[in-house]
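Undergrad: heads up, no residue letters with this:
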């Protein structure tokens, strides 16, 4: 049985700031024509932290301080969770520490600091940051918000699924797959409230750990994670999250970097949207599998927009 | 007495598609730092027609077909109203004709056709299109939706004001001023529900007809309208709309083209947003009047995002 709970999810929006909720979702007709399907986009990058993660961090912090108003939180982050937790921590008035890799996206790091969190950079990649955050949590007694393992990060993301189902009819939802919070959250809502809708997870071929694990039915770690989609570049899936994903995902798909960039460019040219690479994974999957999704009613979540404008220029030109 | 009516406005959202309503609004902190004020942005370009005008056209068409299901509509447009009316007409299943200048923004014209409207191009500028639309309405018996004169276009835009007041506290609202629908709509709501909040209208110095008229207290037409902000480039203010504006606007401000481009660039670099020039008028006013708005709680409406991506690249680089 998945760890998520529908009653908790449906009562979550009351604990989440309105800036993160009820995000725009609509059909983009010019993109639909090009991709030969009916595509609904849901925009999760238009809020102060520019990603969907504020849903989960608001929920996590609200639940923590309900038990202990003097809590102190820490997380490891590739950048988006850190920004969101910094924002939520500041909103609720609790100290927040974020651990990130020295190689993390500089824009994301800058914004974590601007939101008032204490930021520690560690050598190595995102997985090294995760190890350090766990250690700090144990030695200092900080509350660790481990992305995807912390159930609030999944159930916060699940509120996207509730909103999605209030809109038009859909056959398939394409979600970016990283640690798994968004995929399991949305997938759990679909399986419970609209079981006919397929959940298909999309991951970069250069960072396929969770996809390989889902396919094998057991955790498979990878040596490297090599992708421009820094938001989903993990190597070490969490067993409990994989178990949830095995219950709710209908399929997982890998896409190449060229398709991710093409997806970003299409979203920019046809919808006037600036998204980070992770947010273009769904479009990349449509580009690589035109026959599979032909004429289907597809929704995809544009999960983040934290991209340096110079990188973006280079990608979309 | 202004032509607008608060009861009609508060009951309008029920007649407007949810894709146009409850748009994102939030403080952009990095922009606030640069502009030395607390700036809240409200995003009106993230819907199928990429501007706020769908609020007014949905309302207008809903009200028309309530009286006559076989109605046929026509409007003159610089491009955004035309797209919105084409979209609303198609949603409600009525034939729609749009008249535009041959020199109108090609992206906007393309999208008007894609939404299934009949498009007539006329020589001359936007004012020539207005004259032709009026003639066509008279000879063919089409219902004319004259932007800003048609009260639904103002009261539809007024719903932005209702939403704005549900958010955080604000001292000043900066709105783009063209024909006046958005300015009078939002201004009327403010004057009635939050009279302490100032409404300041912003127009390009190259297309100042409504501003000059407001300052003089009578209609002043201009010979030319020369600005990249095609959405607000009118020359002939409508007397009834000017009367409304005189009641609800606290001030009008002119800005130069350089500031408009700088405003677009700031919104792109700091908020990851692609807006058309008209939508950057509020930021342009902040750039040109730093002392006036220092530390104020300012909201501005990003009213449209219909910009060709090549033009946009050229402007923001």
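TA: Cool, the structure landed. Source: prediction; values computed, not measured.

Undergrad: so where does residue A:59 fall, helix or strand?
TA: Using DSSP states H and E, residue A:59 maps to helix A:53-67.

Undergrad: helices or strands next to that helix in the packing?
TA: strand A:73-76, helix A:80-92, helix A:151-166 (3 or more Cβ pairs under 8 Å, 6 or more residues apart in numbering or on different chains; DSSP states H and E). Any C-beta I mention is one placed from the backbone N, CA and C, and that applies to glycine too.

Undergrad: who's in contact with the shortest one?
TA: If I follow you right, that is strand A:73-76. With contact meaning Cβ atoms under 8 Å, 6 or more residues apart in numbering or on different chains, strand A:73-76 is reached by A:60-61, A:64, A:81-82, A:85, A:89, A:94-100, A:126, A:129-130, A:132-134, A:136-137, A:140, A:142-147.

Undergrad: any idea how far that strand is from the chain center?
TA: Mean C-alpha position of strand A:73-76 versus that of the full chain (Cα atoms, centre = their mean, to the nearest Å) differs by 16 Å.

Undergrad: and that strand, which strands flank it?
TA: Its sheet considered, strand A:73-76 pairs with strand A:96-101 (parallel), strand A:143-144 (parallel) by DSSP bridges.

Undergrad: spell out which residues of the stretch 151-300 of chain A are next to chain B.
TA: Contact residues, the stretch 151-300 of chain A versus chain B (Cβ under 8 Å from any Cβ of the partner chain): A:167, A:268, A:269, A:272, A:273, A:274.

Undergrad: what about the strands in the stretch 101-250 of chain A?
TA: Remark: strands assigned in the stretch 101-250 of chain A by DSSP state E, counting those that start in this stretch are A:118-122, A:143-144, A:172-176, A:198-204.

Undergrad: and the ones you listed as CSV, adding distance to residue B:204 and mean pLDDT?
TA: Formatted as CSV, the strands of the stretch 101-250 of chain A follow (distance: least, Cβ to Cβ, whole Å; pLDDT from 0 to 100):
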stretch, distance to residue B:204, mean pLDDT
strand A:118-122, 42, 97
strand A:143-144, 52, 97
strand A:172-176, 40, 98
strand A:198-204, 43, 98
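
Undergrad: can you redo these as CSV with mean neighbour count?
TA: Formatted as CSV, the strands of the stretch 101-250 of chain A follow (neighbours: other Cβ atoms under 10 Å in any protein chain shown):
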stretch, mean neighbour count
strand A:118-122, 16
strand A:143-144, 18
strand A:172-176, 26
strand A:198-204, 26
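
Undergrad: reformat those strands as TSV; add distance to residue A:187.
TA: Below are the strands of the stretch 101-250 of chain A laid out as TSV (distance: least, Cβ to Cβ, whole Å):
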stretch	distance to residue A:187
strand A:118-122	31
strand A:143-144	24
strand A:172-176	8
strand A:198-204	4
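
Undergrad: who wins for proximity to residue A:210 among the ones you listed?
TA: Each of these was scored for nearness to residue A:210 using Cβ to Cβ, and the closest is strand A:198-204 (6.2 Å).

Undergrad: on that earlier part again, pick the most buried one from the strands paired with strand A:73-76.
TA: Each of those was scored by mean neighbour count; the highest is strand A:96-101, a mean of 26, by mean count of other Cβ atoms under 10 Å in any protein chain shown.

Undergrad: what angle sits between that strand and helix A:53-67?
TA: Angle of strand A:96-101 versus helix A:53-67, following axes from the mean of the first three to the mean of the last three Cα atoms, to 10 degrees, is 140 degrees.

Undergrad: let me know the pLDDT of the closest residue to residue A:151 other than its chain neighbours.
TA: Excluding the flanking residues, the one nearest residue A:151 by Cβ to Cβ, 6 or more residues apart in numbering or on different chains is residue A:3, at 5.5 Å. At residue A:3, the pLDDT value in this model is 96.

Undergrad: how close does residue A:3 get to residue A:158?
TA: 11 Å (Cβ to Cβ, to the nearest Å).

Undergrad: what about residue A:226, how many neighbours?
TA: Using other Cβ atoms under 10 Å in any protein chain shown, residue A:226 has 12 neighbouring residues.

Undergrad: next one: the one 5 residues further on
TA: Residue A:231 is surrounded by 28 other residues when neighbours are defined as other Cβ under 10 Å.

Undergrad: ok, now which ones touch it?
TA: By Cβ under 8 Å, 6+ apart, the contact set of residue A:231 is A:51, A:78-80, A:176, A:178, A:276-279, A:303-304, A:306.

Undergrad: gap between stretch A:263-274 and the chain center?
TA: The answer for stretch A:263-274 is 19 Å, by Cα atoms, centre = their mean.

Undergrad: what lies in contact with it?
TA: Contacts of stretch A:263-274 (Cβ under 8 Å, 6+ apart): A:28, A:30-31, A:34-35, A:41, A:43, A:45, A:275, A:277, A:279-284, A:286-287, A:302, A:305, A:307, A:309, A:312, A:315-316, B:45-46, B:50, B:268, B:272-274, B:305-307, B:309.
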